[in-house]
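Trainee: 3D, please:
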Amino acid sequence: MFEIWRWSNLGLAFAMELAGLAAFAWWGWNASSSTVLRLVLAIGLPVLAAVLWGLFAAQAGSTYGGPVVTPVFKVVFFGLAGLAVWTLDHPILGAAFVLVVAANLLVIRTGNLTAGVAH
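Mentor: Got it, this is the predicted structure:
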């Protein structure tokens, strides 16, 4: 039963990471009336966020992550994603996103659910 709980929470964490990238793309698409700028932002922001995630927060191979940097980066990443959704006139969805992420990360952290996962 623990393994189901563990992998469900880790799967939710991955889904929330993808939802964060989608939030940046959604915000980027709505940030301008210029089609070219919309495309640049809708593609560029998630790509930039994914590269930064790889550098600071990825479990396997984060170059600059650490016990302080990684949690701070995750708070900034998910906070900005929630804010992006909020500014798109979806404040309840933005707040719900941040609350689900916070609860999920708390369960993973306090339950030591990453033990045994390949790093």
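
Trainee: excluding its backbone neighbours, what's nearest residue 26?
Mentor: Of all residues not flanking residue 26 in the chain, residue 88 sits nearest, at 6.4 Å (Cβ to Cβ, 6 or more residues apart in numbering). From N, CA and C alone the C-beta is placed, and that goes for glycine too.

Trainee: And the pLDDT for residue 1?
Mentor: pLDDT, residue 1: 81.

Trainee: Distance of it relative to residue 7?
Mentor: Distance, residue 1 to residue 7, using Cβ to Cβ, to the nearest Å: 11 Å.

Trainee: Who are the contact partners of the closest residue to residue 23 other than its chain neighbours?
Mentor: Of all residues beyond its chain neighbours, the one nearest residue 23 is residue 81 (4.1 Å), with distances taken as Cβ to Cβ, 6+ apart. Neighbouring residues of residue 81 by Cβ atoms under 8 Å, 6 or more residues apart in numbering: 19-21, 23-24, 97.

Trainee: mind running it again at 7 Å?
Mentor: Residues near residue 81 by Cβ atoms under 7 Å, 6 or more residues apart in numbering: 20, 23-24, 97.
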